[in-house]
Every structure is written in C-alpha cells, then in structure tokens.
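Undergrad: Sharing a model prediction with you, sequence too.
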Amino acid sequence: MGLSIHTKKLISQEITSRYRKVSRKNRSTFFDEFTKRIGYNRKYVIRPLGMFGITKSVTLDGIPSC
C-alpha cells in the first residue's frame, strides 16, 4: 500500500522548500528524489513542486472570492 495523502503533503513541503533554494542545474536530483519517495511520474512532479504553497485568487464579476 502507498503513502497516505497527509504523508505525501508533508514530504512535498519538505522537498519544495529545498527545491526552491537549489540552482536550476541541480533540480533534476530533487525530481528524482521526489519521484522515488512518493512514486509519482517525473513529469507530473514538475508542476506541484513549482506551485506548492502558492494560492491563486479568483475574481467573479469584480468581486474577489475566497
């Protein structure tokens, strides 16, 4: 059986904080580590690592929604 969602989020937070501090050349090692630990496809990992923790606000008819 795989990891729980909560465990995957904790691992994502840990790896994301390190991923953002590393140079672009060394990021491939983080993709490898993340895919090995969680079991996701390498191409799928690229977006979550770049977007983790970033919130996006949506405006409907000029009224911001929460």
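TA: Perfect, thanks for sending it. Just so it is clear, the structure is predicted and the values come from calculations on it, not from any experiment.
Undergrad: Show me the shaky parts of this protein.
TA: Within the chain, the stretches with pLDDT under 70 are 1, 52-60, 62-66.
Undergrad: Report the buried residues of the longest helix seen in it.
TA: Criterion DSSP state H: the longest helix present in the chain is helix 5-19. Of the residues in helix 5-19, Lys8, Ser12, Ile15, Thr16, Tyr19 count as buried by neighbour count, 16 or more other Cβ atoms under 10 Å. All C-beta spots, glycine's among them, are computed from the backbone N, C-alpha and C.
Undergrad: okay but the first one is in contact with Gly39, surely?
TA: What that stands for is Lys8. No - contact criterion Cβ atoms under 8 Å: Lys8 and Gly39 do not qualify, at 9.1 Å.
Undergrad: coming back round to it: helices or strands next to the longest helix of the chain in the packing?
TA: Using 3 or more Cβ pairs under 8 Å, 6 or more residues apart in numbering; DSSP states H and E as the contact test, the elements touching helix 5-19 are helix 27-38, helix 42-51.
Undergrad: Buried residues, the last one. List them.
TA: Pointing back at helix 42-51 there. Neighbour-count burial for helix 42-51 [16+ other Cβ under 10 Å]: Val45, Leu49.
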